[in-house]
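Asks: one predicted model, sequence on top.
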Amino acid sequence: MNLDALATFVHVVDGASFTAAAKKLGVPTSTVSREIARLEETLGTRLLHRTTRKVALTSAGAKLYERVLPHVAALRDAARDVPEQGSHPAGSLRITVPNDLGTSYFAEVIADFLLLHPQVHFDVRLTARQVDVVAEGIDLALRIGRMQDATLVARRVGTLDAYLFASPGYVARCGRPTAPLDLLDHACLVFRMPDGRPIAWNLTGPEGRSDVAPAAHLFADDFAFLRGAAIAGAGIAMLPGFIAATDVAAGRLERVLPRYEGPSAPLYAAYPSGRHLPRKVTAFRDFLVQALRARPLDAKPGSMKHAP
């Protein structure tokens with residue numbers, strides 16, 4: 001069986017079209033179509049349902065895709081790792097990072113890593129969705145919260161702690177809450193999870209835990225957006241401490257209910273199990289651990305300015 005045809009088949013399924021696969025492979029669409037036709041002829045079965053707009057797997061195609069995908073991914077890894085045969089990390093490193101982390105903290109981490117390892121080239125995917133690491137050829141994924149994918153190896157690299165913030169202008173205009181239940185009378189800016197659920201405002205303070213369900217004046221699925229809205233005076237937002245730390249230091253935001261903390265979430269570096277880890281992956285993983293130890297994401301209340 002032609003291995004190129006199997007690789008082409010995987011590209012067609014991943015891109016959900018012959019055109020997308022052809023663009024990825026740098027060949028004409030007609031070449032991709034012929035490869036798939038030959039593969040189906042060799043196997044004696046139809047692998048794909050074709051329409052004018054997209055392709056879909058048949059039951060036989062789904063079984064073949066499941067069997068060959070890990071092997072095609074392993075061959076891609078081997079090809080990408082060829083530049084690493086020297087003593088230094090090198091080659092393309094594909095990572096996926098949640099939007100909020102990638103646009104702030106991790107951009108600096110990657111820049112620092114590149115100064116040490118200029119032969120590494122990053123391909124960074126910023127997204128809130130759970131990327132299929134194997135199917136999309138990702139070397140390392142940063143994941144927030146409990147790991148549920150048993151096919152991945154996960155190393156905990158940090159913790160994200162959340163606090164309540166508002167602009168000085170909002171506090172001057174609307175007053176300052178003094179207890180969790182006071183939040184019910186304030187404009188609240190609430191993060192919405194990828195599955196559509198609003199994040200819970202579970203606060204821990206001197207009297208223990210208080211669960212508040214504020215009537216949100218604004219929902220968003222991006223912490224950076226909520227940060228901007230809070231700075232503009234739209235209301236009180238629950239944000240990871242590291243996202244708001246610079247604004248607190250500059251006086252653009254201040255903590256409210258400073259004796260209370262929001263929920264914390266673990267941060268993991270995850271990568272496919274059962275796969276030889278290239279030097280570039282282990283080097284970046286270890287660099288990330290050291291960077292987070294030197295400048296942790298869990299900014300503590302004592303390090304943040306707030307009004308009494």
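Replies: That came in fine, so what should we check first?

Asks: low-confidence ranges in the stretch 101-250 of the chain?
Replies: 102-104 (pLDDT under 70).

Asks: for it, which segments count as helices?
Replies: Here the stretch 101-250 of the chain has its helices, by DSSP state H, counting those that start in this stretch, at 105-116, 168-174, 223-231, 241-250.

Asks: quick check: which of those helices is nearest to Leu57?
Replies: Among those, helix 105-116 comes nearest to Leu57, with 35.0 Å by C-beta to C-beta. Heads up, the C-betas are built off the backbone N, CA and C, glycines and all.

Asks: the closest one packs against which elements?
Replies: strand 120-126, helix 279-294 (3 or more C-beta pairs under 8 Å, 6 or more residues apart in numbering; DSSP states H and E).

Asks: what distance separates the last one from the middle of the whole chain?
Replies: Centroid displacement of helix 279-294 relative to its chain, using C-alpha atoms, centre = their mean, to the nearest Å, is 17 Å.

Asks: got the CA coordinates for that helix in PDB?
Replies: Only the C-alpha atoms of helix 279-294 are listed here, as PDB (Å, rounded to 0.1, in the frame of the first residue of the first chain):
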ATOM      1  CA  ARG A 279      14.700  17.700  22.300                       C
ATOM      2  CA  LYS A 280      12.900  20.900  21.300                       C
ATOM      3  CA  VAL A 281       9.800  19.800  23.300                       C
ATOM      4  CA  THR A 282      11.700  18.800  26.400                       C
ATOM      5  CA  ALA A 283      13.800  21.900  26.300                       C
ATOM      6  CA  PHE A 284      10.700  24.200  26.100                       C
ATOM      7  CA  ARG A 285       8.800  22.200  28.700                       C
ATOM      8  CA  ASP A 286      11.700  22.500  31.200                       C
ATOM      9  CA  PHE A 287      12.300  26.200  30.300                       C
ATOM     10  CA  LEU A 288       8.600  26.900  30.900                       C
ATOM     11  CA  VAL A 289       8.800  25.200  34.400                       C
ATOM     12  CA  GLN A 290      11.800  27.400  35.300                       C
ATOM     13  CA  ALA A 291      10.100  30.500  34.000                       C
ATOM     14  CA  LEU A 292       7.000  29.900  36.000                       C
ATOM     15  CA  ARG A 293       9.000  29.300  39.100                       C
ATOM     16  CA  ALA A 294      10.900  32.600  38.600                       C
END
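
Asks: for it, buried residues please.
Replies: For helix 279-294, burial by neighbour count (16 or more other C-beta atoms under 10 Å) applies to Arg279, Lys280, Val281, Ala283, Phe284, Arg285, Phe287, Leu288, Ala291, Leu292.

Asks: just want the angle from it to helix 105-116.
Replies: Computed by axes from the mean of the first three to the mean of the last three C-alpha atoms, to 10 degrees, the angle separating helix 279-294 from helix 105-116 equals 120 degrees.

Asks: and helix 279-294, average pLDDT?
Replies: The average of the pLDDT scores along helix 279-294 is 87.

Asks: got it, and stretch 38-57?
Replies: 84.

Asks: just the terminal-to-terminal distance for that stretch.
Replies: By C-alpha to C-alpha, to the nearest Å, the extent of stretch 38-57 from end to end equals 16 Å.

Asks: any residues touching it, and which ones?
Replies: Under the contact criterion C-beta atoms under 8 Å, 6 or more residues apart in numbering, stretch 38-57 has outside partners 1-2, 5-6, 8-9, 12-13, 16-18, 36, 58, 60-61, 64-65.
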